[in-house]
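>>> quick one, what's the 3D model for this:
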Amino acid sequence: MPAIEFQGQCFQLDDNENLLDGLLKQKASVPFSCRAGVCHSCLLQVTEGKPPADSQQFLTEKQTAKGFMLACQAHVIEDITVRLPLRDEVPGIITGLTQLSPTEIRLTMSTRLPFSISKGDQVYLVNHEGFEGHYPVADVSDDLLVIECLIERKAGGDPFSAWVHSDAQTGLRLMLIKQN
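The predicted structure follows:
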């Protein structure tokens with residue numbers, strides 16, 4: 001029975017059990033959708049050990065070189081350590097809007113996947129209407145799943161900041177893209 005280390009916990013898989021099913025059965029928080037290797041929602045990165053070959057058949061050479069694998073396709077036969085990969089672009093949801101002043105709002109966003117970003121980095125935000133803007137990251141949680149930006153309303157200015165100050169509400173979705 002292989003041991004899987006994931007998010008600071010050790011999970012034992014039954015023989016011939018697929019990695020995604022084994023982790024979910026033990027209540028691990030693993031993103032997934034299609035379970036067929038098509039959507040790549042269950043993409044994990046191996047940090048110790050070797051990814052099973054069957055778990056990489058739908059990945060690019062670049063992804064396999066970085067140790068990525070699809071949990072839904074993986075039949076692990078040896079102990080490995082895996083993590084959620086850091087991404088430069090992730091979908092997010094607005095979880096908080098805090099009015100700091102008449103012209104400034106703290107926008108809090110949660111992502112389902114770890115986002116490769118740090119406090120002070122620039123993030124490009126795009127809403128469902130196509131309004132977009134670039135903002136510095138004011139804060140980021142230790143698990144890289146909660147990001148905050150301070151959005152200043154600009155006189156006669158950009159549609160995204162106007163949207164945040166007038167129409168944005170918790171529960172709405174955004175795309176977050178790291179700017180280099």
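
>>> which residues touch residue 160?
For residue 160, the contact set (Cβ atoms under 8 Å, 6 or more residues apart in numbering) comprises 125, 127, 131-133, 151. Glycine gets a C-beta too; all of them are placed from N, C-alpha and C.

>>> dump the helix or strand of the chain with the lowest mean pLDDT to CSV, restricted to CA.
Lowest by mean pLDDT, DSSP states H and E among the helices and strands of the chain is helix 61-65, with a mean of 87. Below are the C-alpha coordinates for helix 61-65, written out as CSV (Å, rounded to 0.1, in the frame of the first residue of the first chain):
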residue,chain,number,x,y,z
GLU,A,61,6.4,17.5,-22.3
LYS,A,62,6.8,20.7,-20.3
GLN,A,63,4.3,19.5,-17.7
THR,A,64,5.9,16.1,-17.3
ALA,A,65,9.3,17.6,-17.0
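
>>> could you list every helix and strand that the helix or strand following it packs against?
As assigned by DSSP states H and E, the chain's next helix or strand after helix 61-65 is strand 68-70. For strand 68-70, the elements it packs on are strand 43-48, judged by 3 or more Cβ pairs under 8 Å, 6 or more residues apart in numbering; DSSP states H and E.
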